[in-house]
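Enquirer: Predicted model and sequence below, questions to follow.
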Amino acid sequence: MITKRTLFALLALTLSAPAAFSQDSITVGAYAANPPWEFQNEQGTFEGYEIDVATEAAKRAGKSVTFQPLGFQALFAATSSGRIDFAVSSISVTDERLKTQSFTQPYYDSDGTIVGKANSSVKSLDDLKGKVIGVIAATTGEAWAKENAEKLGLSDVKSYSQQQELLLDVQNGRIEGGAGELAGFQYAIQKIPALKILVRIPTGERFAMMAKKNHPLLPEINDAISKMKADGTLAAIHKKWFGVEPDAGTSTVVSMPLPAAK
């Protein structure tokens, strides 16, 4: 027979026990004009490399996923506030960002680049002296350009909110070139024959899904990404969007721990 004292004791234990975190779906924020990483098609549906990665990772974690279009800069506030669970948009893992955000393991190794007109005289970074280059606001491309502006003798660094606006100004000769992430520019200029990659800049950047600091779903999603690497799913997504297999030893194929600030 359960006495009142026993019943109250059991109730107290139940109320004091930590609740298991349960969430059937996740919301992923994405910059909607960032092909091949993420973009919205004519029907408004999200597509892209990172859309495939996030969708498959959520599926393996037993979650459905909803994508929410946001500006690149807005992604950081949205994860921090909990408005979204994760963010994708070729977001580089950096020590500075790890102070306020958490990331899954990376799934793509990238370099930076300078894109310009096909007939540009720029062949190396030294040729940028006295030139104006454009960047997408709040990206690592902007950080690199501002950090190196004086050393390279840049005339100015102009920030844009949209990649299309930057490339249009390059095409029309209003700026000499654009600094940013290699694969995104490679994909974009396939449809703009007047532009080409002028300089490739080794950066050691790696892209990952970003989340609020210590988000409870981070281990599950990270584990799903590890399994996607192990069984070749991530390599297949890479080939789908870039037409080639990922290089051996890159973060697209090698399982890694959750990033931590140094």
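Expert: Good, I have the coordinates. Residues are numbered from 1 along each chain as shown.

Enquirer: For the stretch 1-150 of the chain, which segments are assigned as helices?
Expert: 4-16, 49-60, 72-81, 95-98, 140-152 (DSSP state H, counting those that start in this stretch).

Enquirer: Pull out the buried positions in the last one.
Expert: This means helix 140-152. Neighbour-count burial for helix 140-152, counted by 16 or more other C-beta atoms under 10 Å, picks out 140-142, 144-145, 148, 152. In short, each C-beta sits where N, CA and C put it, glycine included.

Enquirer: Can you give me the neighbour number for the nearest residue to Ala77 once chain neighbours are set aside?
Expert: With C-beta to C-beta, 6 or more residues apart in numbering as the criterion, Ala77 has its nearest non-adjacent residue at 7.8 Å, and that residue is Arg83. Other residues lying near Arg83 total 15 when counted by other C-beta atoms under 10 Å.

Enquirer: now the one 4 residues further on
Expert: The number of residues packed around Ala87, counting by other C-beta under 10 Å, is 28.

Enquirer: where's Ala236, which helix or strand?
Expert: Using DSSP states H and E, the element containing Ala236 is helix 233-242.

Enquirer: what mean pLDDT does that helix have?
Expert: Per-region confidence: helix 233-242 scores 94 on mean pLDDT.

Enquirer: And the contacts of it?
Expert: Identification of contacts with helix 233-242 by C-beta atoms under 8 Å, 6 or more residues apart in numbering yields 36, 48-49, 52-53, 56, 107-108, 183, 225, 227-229, 244-246, 252-253.

Enquirer: May I see the buried residues of it?
Expert: Result for helix 233-242 [16+ other C-beta under 10 Å]: buried residues 233-235, 237-238, 241-242.

Enquirer: Please identify the helix or strand for Pro202.
Expert: Here Pro202 is assigned to strand 195-207, by DSSP H and E.

Enquirer: That strand to helix 49-60, inter-axis angle?
Expert: 30 degrees (axes from the mean of the first three to the mean of the last three C-alpha atoms, to 10 degrees).

Enquirer: what helices or strands is strand 195-207 leaning on?
Expert: strand 108-117, helix 140-152, helix 163-171, strand 177-181, helix 182-188 (3 or more C-beta pairs under 8 Å, 6 or more residues apart in numbering; DSSP states H and E).

Enquirer: so the first one versus strand 177-181, what angle?
Expert: With the same axes, to 10 degrees applied, the angle from strand 108-117 to strand 177-181 works out at 170 degrees.

Enquirer: Equivalent analysis for the longest one, please.
Expert: Using the same axes, to 10 degrees, one finds that helix 140-152 and strand 177-181 are set 130 degrees apart in direction.

Enquirer: mind checking how far helix 140-152 is from the chain centre?
Expert: How far helix 140-152 lies from its chain's middle: 20 Å, per C-alpha atoms, centre = their mean, to the nearest Å.

Enquirer: what's it in contact with?
Expert: 92, 94, 112, 125-126, 128-129, 133, 135-136, 154, 157, 159, 178-181, 201, 203, 205.

Enquirer: again with the shortest one
Expert: Residues from elsewhere that reach strand 177-181, judged by C-beta under 8 Å, 6+ apart: 90, 110-117, 120, 122, 128, 131, 133-136, 139-142, 144-145, 163, 166-167, 170, 185, 198, 201, 205.
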